[in-house]
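Peer 1: Based on what follows, work out the 3D shape:
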Amino acid sequence: MKNLKNKLPLFAFLLGLAIVVSQSAFRPIGSSKLADVIFEYNSSTYTEGAYLTDTNWEVTEDGSQCPGSGNICKLSVDELELSGIGTMEEQLVEFLDNQPGTNGATDYIEDIDHRVADKD
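Peer 2: You can find the predicted model right below:
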């Protein structure tokens, strides 16, 4: 019993160290962001309902401008914001649908900080 009491602080220290290492081992260095995912909008309808239709979005790596009329073309979303369930497009729609406000998806999309490219 005395031997166990002497080893208990060492065990507690090692357990604490293991927890700290395991929690920091999977976190990106220097940032809380994982990566931005770029989605291209492929519809000519610019309404809340259209934004919440997954078939209107497509994942792309191309951040260049698009031909068109100044509406949303490409949207950037931090991958950590997506649920990880379903296709990337379904995850985007779920994310947009959970934005606050009556027109949360539209408000998010119209925010210049989230747009990668507009239709020229």
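
Peer 1: And for residue 6, the neighbour number?
Peer 2: 8 (other C-beta atoms under 10 Å). C-betas here are computed from N, CA, C, even on glycine.

Peer 1: give me phi/psi at it?
Peer 2: phi -70, psi -30 (degrees, to the nearest 10).

Peer 1: For the protein, which element, helix or strand, carries the lowest mean pLDDT?
Peer 2: helix 2-24 (a mean of 65; mean pLDDT, DSSP states H and E).

Peer 1: What lies in contact with the helix or strand that comes right after it?
Peer 2: Using DSSP states H and E, the next helix or strand after helix 2-24 towards the C-terminus is strand 36-41. Applying C-beta atoms under 8 Å, 6 or more residues apart in numbering, the contact partners of strand 36-41 are 51, 56-63, 66, 71-79, 82, 88-89, 92, 116.

Peer 1: try it again with 7 Å
Peer 2: 56-61, 63, 72-79, 82, 88, 92, 116 (C-beta atoms under 7 Å, 6 or more residues apart in numbering).

Peer 1: Show me which of those residues are buried.
Peer 2: 56, 57, 60, 72, 73, 74, 75, 77, 82, 88, 92, 116 (16 or more other C-beta atoms under 10 Å).

Peer 1: On the three-state scheme, the fifth one is what?
Peer 2: Look at residue 73: counting by DSSP: H, G, I helix; E, B strand; the rest coil, its state is strand.

Peer 1: Surely it touches residue 67?
Peer 2: No. At 8.8 Å, residue 73 does not count as touching residue 67 under the criterion of C-beta atoms under 7 Å.

Peer 1: which residues do these two both contact?
Peer 2: Joint contacts of residue 73 and residue 67 (C-beta under 7 Å, 6+ apart) are residue 119.

Peer 1: and stretch 40-53, how far apart are its ends?
Peer 2: Stretch 40-53 has an end-to-end distance of 13 Å (C-alpha to C-alpha, to the nearest Å).

Peer 1: Could you pull out the buried residues of it?
Peer 2: Buried positions in stretch 40-53, judged by neighbour count with 16+ other C-beta under 10 Å: 40, 41, 51, 52.

Peer 1: Redo the residues you listed as TSV? Include distance to residue 108.
Peer 2: TSV is the format used below for the buried residues of stretch 40-53 (distance: C-beta to C-beta, whole Å):
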residue	distance to residue 108
40	16
41	13
51	9
52	11
